[in-house]
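Asker: Need the 3D shape of this:
(one chain, ligands or ions: 2)
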Amino acid sequence: MAEEESRAKMATSSAELLQAEAELVRHSLGYLKSMALHSAVKLGIPDALHRCGGAASLPDLLSTLALPCSKRPYLSRLMKMLAVEGIFTAVAAVDVPAAGEGEGAAAAPSVRYGLNPVSRLLVSGGVSPCVLMGTSPLFLEASLRLPQWFQRDSEGEPAFAMAHGESPYAATGHDMEFNALVNEAMGSDSRYMAELVVRECGEVFTGVTSLVDVGGGNGTMATAIAKAFPHVRCSVLDLPHVVQGVVSTHESVEFAAGDMMEYVPPADAVLLKCVLHNWSDEDCVKILTKCREAIAQGAKAGAGKVIIIDAVVGSPSHSQVLEAQVLMDMQMMMLFMSKEREELNWQKIFMEAGFSHYKIQPVLGMRSIIQLYP
Ligand SMILES: C[S@@+](CC[C@H](N)C(=O)[O-])C[C@H]1O[C@@H](n2cnc3c(N)ncnc32)[C@H](O)[C@@H]1O
Ligand SMILES: COc1cc(O)c2c(=O)c(O)c(-c3ccc(O)c(O)c3)oc2c1
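Answerer: Ligands and ions are numbered 1, 2, ... in the order given. Prediction:
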């Protein structure tokens, strides 16, 4: 056995072994990337760089952040790591000695850190609440339970519930800080997605006069659709405690309290954004059957459609997109024991719910827009 092992090692070149070791360090310390990103958002670094015109030297950046003197020397380490990971740009600059520093003063090399497309998404108004939710203590504590969760025969109990004694939604019911975090995260994700949907696939709403956003939360997506397409009357269906107290900010957006498992109000089109990935295949069939009944009642015969915004895992154009999809899948498993689905899995659900055909447009990065027809 030992001989076999050493032969296997010899077959692997030293270069490959060293590369493999570096790869393992990257992955085992990968949580430090998440926490460095979390720190950058908490410290307000993307906003600070934005205020500096998009890029700043470390001294300029430090002058806008309220860090204690003892920690100021360490900011360069955080910025260096995040730049290596592609979150910020780092451009070497040469500091010319200030007047009066003397002829002989050496020009000191320095770095200017800047925003790139990734960190620009973290400037206020972007998706930094999603980062804070994904790296929140409640999520991290749940992830620490994963080995125990795999080993324990705990029928139907996700790792989140094993760690906290309740589901994420139950936690939002009494932990106001967590509730605000989840609402801000889902709201920011919807604002950003709505902009892209309107820009990339506005034709989806052609001919639609009424739309119900099922599980539409505080109505961020419905409001964006109503603003972009004034011919669409929108309503949001969500659980009573979610819609209670929500004030509509657009005259053609209404709110209805209800259970999508029981009834979906009639409309030309039904939207489900990031809802089905919380549910089992059987529950998705139930929800989609109610949605099909809603368009059968609300739209002209044969017209009407269900619009799903969710991931379709597999064969994306970028490996980062696949990585994001499988990470979201792990997150769904940890929170709800639900999943992100591949096309064949979706297809089975659509057919069981009585739809005749569907169209997938992979135009939203890790998510797709899927249209279902009766
Ligand atoms: C992951 S959130 C998605 C929210 C929104 N669509 C978005 O993308 O920001 C899922 C939503 O489904 C709602 N929900 C859960 N169970 C529901 C039910 N039985 N009937 C209606 N809505 C429900 C939740 O309250 C929550 O707002
Ligand atoms: C109560 O906690 C929940 C419940 C959910 O149902 C979702 C959910 O559905 C979801 O998409 C996300 C999510 C969206 C975008 C992200 O970048 C991200 O990291 C997570 O988080 C959720 C959190």
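Asker: Now the residue of the stretch 251-374 of the chain found nearest ligand 2: closest residue in space that isn't a chain neighbour?
Answerer: Per CB to the nearest ligand atom, Cys274 is where the stretch 251-374 of the chain lies closest to ligand 2, at 4.1 Å. Glycine gets a C-beta too; all of them are placed from N, C-alpha and C. Sequence neighbours aside, Asp310 is the residue nearest to Cys274 in space, at 6.2 Å (criterion: CB to CB, 6 or more residues apart in numbering).
Asker: which residues does the one you found contact?
Answerer: 272-277, 340-341, 367-368, 370 (CB atoms under 8 Å, 6 or more residues apart in numbering).
Asker: can we see that at 7 Å?
Answerer: 274, 276-277, 367 (CB atoms under 7 Å, 6 or more residues apart in numbering).
Asker: Does stretch 249-261 reach ligand 1?
Answerer: Yes - residues of stretch 249-261 are located near ligand 1 by CB under 6 Å from any ligand atom, namely 259-261.
Asker: Domains in this protein, by residue range?
Answerer: 10-93+109-120, 187-373 (automatic domain parsing).
Asker: okay, now the residue of the stretch 251-374 of the chain closest to ligand 2: neighbour count?
Answerer: 19 (other CB atoms under 10 Å).
Asker: picking up where we left off before, among the domains of the chain, single out whichever gets nearest to Gly165.
Answerer: The closest of these to Gly165 is domain 187-373. By CB to CB, the value is 14.3 Å.
Asker: Around ligand 2, which positions in this protein sit nearby?
Answerer: Counting by CB under 6 Å from any ligand atom, the chain sits next to ligand 2 at 130, 133-134, 168-169, 172, 182, 189, 274, 277-278, 335.
Asker: got the contact list for Val275?
Answerer: Counted by CB under 7 Å, 6+ apart, Val275 has contacts 214-215.
Asker: How confident is the prediction for it, by pLDDT?
Answerer: pLDDT, Val275: 97.
Asker: can you check Glu3 too?
Answerer: Predicted confidence (pLDDT) for Glu3: 71.
Asker: Next: Ser248.
Answerer: Looking at Ser248, its pLDDT stands at 85.
Asker: Can you say which of the domains of the chain is packed in most?
Answerer: domain 187-373 (a mean of 18; mean count of other CB atoms under 10 Å).
Asker: how about the residues of the stretch 251-374 of the chain near ligand 1?
Answerer: Residues of the stretch 251-374 of the chain lying near ligand 1 (CB under 6 Å from any ligand atom): 259-261, 273-275, 278.
Asker: rerun that using 8 Å as the cut-off
Answerer: For the stretch 251-374 of the chain, the contact set with ligand 1 under CB under 8 Å from any ligand atom comprises 258-262, 271-275, 277-278, 309.
Asker: any idea how far Ser317 is from His38?
Answerer: The spacing between His38 and Ser317, counted by CB to CB, to the nearest Å, is 28 Å.
Asker: Over to Leu115?
Answerer: The value you get for Leu115 to Ser317, if CB to CB is used, is 24 Å.
Asker: Ok, Ala353 next?
Answerer: Distance from Ala353 to Ser317, counting by CB to CB: 29 Å.
Asker: Show me how far the one helix or strand Ala256 maps to is from its chain's centre.
Answerer: Element membership of Ala256 [criterion: DSSP states H and E] is strand 253-257. How far strand 253-257 lies from its chain's middle: 25 Å, per CA atoms, centre = their mean, to the nearest Å.
Asker: Taking the stretch 201-350 of the chain, what residue is nearest to ligand 1?
Answerer: Counting by CB to the nearest ligand atom, the stretch 201-350 of the chain gets nearest ligand 1 through Gly215, at 2.9 Å.
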